[in-house]
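Trainee: okay, here's the prediction I keep looking at, along with the sequence it came from:
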Amino acid sequence: MKKISQTDVLVVGAGPVGLFAVFACGQLGLRSHLVDALDAPGGQCTALYPMKPIYDVPAFPEVSGKELVDRLLAQMKPYQPPMDFLVRVQQLDRLDGRWHATLTDGSKLDAGAVIIAAGAGAFGPNRPPLHDIEKFEPDFVRYSVVDPAEFAHRHVVVAGGGDSAVDWAVELSSIAAHVHVVHRRDKFRASPAMVARMKSLAADGQISLHVPGQLAGLKGDRELTHVVVRNDQQVEHELKASHLLAFYGLKSDLSDISSMGINVADGGIPVSPTSMATNLEAVFAIGDVARYDNKLKLILTGFSEASIAAHQAFAHVHPGKALSHEHSTSKGAPQGF
C-alpha cells in the first residue's frame with residue numbers, strides 16, 4: 001500500500017496558471033503538490049505551441065510559451081513542490097475536513113484544499129496506437145519537450161504536422177545528430193514561416209521528411225533503437241532513433257472532474273468570480289476551465305484567479321487564522337520553506 005502524502009494545497013494542472021498558483025500559495029506559506037496528465041509542465045503552452053510568440057502577457061512585449069513556462073518554473077522553484085506527471089485525479093473524498101485524492105497510479109494525497117487549473121479539461125496526449133508503446137514511455141517516447149539539451153547528438157523522430165511538431169523539429173535540428181519528421185500528408189498545419197524553415201533545413205540535409213508517412217512500430221529491448229515508418233505505398237522502413245516525440249495534439253475530458261461531484265457546465269466549471277470557489281467546499285477552479293459571467297480567457301486573468309484561490313485556500317488550510325495582505329516588496333525574495 002502506497003504511503004499517503006500530505007500537503008496544504010493540491011494543484012491539478014501544470015500549465016502557466018497552475019504553476020503560478022504554486023507560487024501564490026508559497027507566498028502565503030502554503031505547501032503545494034502539483035499533478036498533471038501530461039509528461040511535463042507547461043500545459044498547452046509547451047505541448048502545442050512552445051515557440052510561438054505570445055503578446056498579451058504583462059511586461060513581455062513578446063514571449064514564447066516555452067520561455068514563459070521556464071520563467072514560471074524558476075519563480076516557484078524556492079517552494080520546491082512535488083510534481084507528479086502522467087497521472088490524473090481518479091477520486092476525491094472529503095474526510096475529517098480535508099480532501100483525500102486518489103491518483104491513477106495508485107498514489108494518495110491528503111490536502112486541505114484543491115485548486116483545479118486544468119485548462120479546458122483534463123488534458124492528456126493523443127498517443128499513437130503502437131504495440132508496446134507503454135514500454136518506452138516516458139523515457140524514450142515523449143509528448144512534450146522540457147529540456148532540448150537531452151536530445152543533443154541523438155537521433156530523433158518527430159511525428160505530427162502541427163506547430164509543436166514543426167517548431168521542435170526546427171529547434172532540435174541544430175543539436176540533434178539527426179531529426180526525422182513523419183507526417184501523414186505533405187501539408188502541415190503550422191506557421192508558414194516555420195514550415196518554410198523546416199523545408200529549408202530538409203533541403204540542407206539537417207532534417208529528413210517522411211511525408212506522406214505514418215508510424216508503424218517501435219523497436220528496441222530496454223531502450224528505443226528504431227522507429228518503423230510506413231509510406232503511402234504501404235512499404236515499411238526503419239529509422240534509427242533513440243527518441244520518438246509524438247505531437248498529435250491533446251484530448252480534453254471533463255468526465256473525471258464531473259465524477260468527483262464538481263459541477264460542470266458549458267465545457268467548464270462554474271465558480272464565484274470573487275473567490276473562484278466551486279460547489280464543493282475548499283475546491284477552487286482557475287484558468288480556462290473556470291466559468292463566470294464576462295470571463296476573459298487570458299493568461300493574465302488566470303494569474304489573478306490563482307492569487308484569489310490561494311488566499312481562499314489559506315482559510316481552509318488554517319481555519320481561524322488571520323491572513324493580512326503583504327506586498328512582495330515588503331516580504332522580500334521568496335525563501336521557500
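Mentor: Received it, and whenever you're ready, just let me know what you need.
Trainee: so what pLDDT did K2 get?
Mentor: Looking at K2, its pLDDT is 64.
Trainee: just G161 next, same as before
Mentor: 94.
Trainee: with the one 4 residues further on instead?
Mentor: At A165, the model reports a pLDDT of 93.
Trainee: does R71 lie in a helix or a strand, and which?
Mentor: Following DSSP states H and E, one finds R71 within helix 65-76.
Trainee: er, S307 I mean
Mentor: Using DSSP H and E, S307 falls in helix 299-317.
Trainee: measure how that helix sits relative to helix 65-76, angle-wise.
Mentor: Counting by axes from the mean of the first three to the mean of the last three Cα atoms, to 10 degrees, helix 299-317 lies at 30 degrees to helix 65-76.
Trainee: which elements pack onto helix 299-317?
Mentor: On a contact count with 3 or more Cβ pairs under 8 Å, 6 or more residues apart in numbering; DSSP states H and E, helix 299-317 meets strand 4-12, helix 16-27, strand 108-116, strand 283-285. Where C-beta positions appear, they are placed from N, C-alpha and C, glycine not excepted.
Trainee: so for I175, which of these sits nearest?
Mentor: helix 16-27 (25.6 Å; Cβ to Cβ).
Trainee: packing partners for the closest one?
Mentor: Counting by 3+ Cβ pairs under 8 Å, 6+ apart, helix 16-27 packs on strand 4-12, strand 32-36, helix 43-47, helix 65-76, strand 108-116, helix 299-317.
Trainee: for the first one, name the packing helices and strands.
Mentor: Read it as strand 4-12. Strand 4-12 packs on helix 16-27, strand 32-36, strand 98-103, strand 108-116, helix 299-317, going by 3+ Cβ pairs under 8 Å, 6+ apart.
Trainee: go again using 10 Å as the cut-off
Mentor: Secondary-structure packing of strand 4-12 (3 or more Cβ pairs under 10 Å, 6 or more residues apart in numbering; DSSP states H and E): helix 16-27, strand 32-36, strand 89-95, strand 98-103, strand 108-116, strand 283-285, helix 299-317.
Trainee: tell me the pLDDT of the residue lying farthest from the centre of the chain.
Mentor: Distance from the C-alpha centroid of the chain peaks at Q233, with 36.3 Å (Cα atoms, centre = their mean). Looking at Q233, its pLDDT is 89.
Trainee: could you pull out the helices for the stretch 51-200 of the chain?
Mentor: Listed in chain order, the helices of the stretch 51-200 of the chain (DSSP state H, counting those that start in this stretch) span residues 65-76, 133-136, 163-172, 192-203.
Trainee: returning to what we had before: for P82, find the nearest of the helices and strands packed on helix 299-317.
Mentor: Set against P82 and scored by Cβ to Cβ, these come closest in strand 4-12, at 7.0 Å.
Trainee: in its sheet, what does that closest one sit against?
Mentor: Strand 4-12 has the following strand partners under DSSP bridges: strand 32-36 (parallel), strand 108-116 (parallel).
Trainee: render the CA-only coordinates of it in CSV, please.
Mentor: What follows is strand 4-12 as a C-alpha-only set of coordinates in CSV (Å, rounded to 0.1, in the frame of the first residue of the first chain):
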residue,chain,number,x,y,z
ILE,A,4,-0.4,8.9,1.8
SER,A,5,1.4,12.2,1.0
GLN,A,6,0.2,15.3,2.9
THR,A,7,0.2,18.8,1.6
ASP,A,8,-1.7,22.1,2.1
VAL,A,9,-3.0,22.5,-1.5
LEU,A,10,-3.3,20.0,-4.3
VAL,A,11,-2.9,21.8,-7.6
VAL,A,12,-4.4,19.9,-10.6
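Trainee: and for R71, the neighbour number?
Mentor: Look at R71: counted by other Cβ atoms under 10 Å, it has 15 neighbours.
Trainee: pretty sure it sits against V63.
Mentor: Yes. Assessed by Cβ atoms under 10 Å, R71 is found in contact with V63 at 8.0 Å.
Trainee: now do the shared contacts for those two.
Mentor: V57 (Cβ atoms under 10 Å, 6 or more residues apart in numbering).
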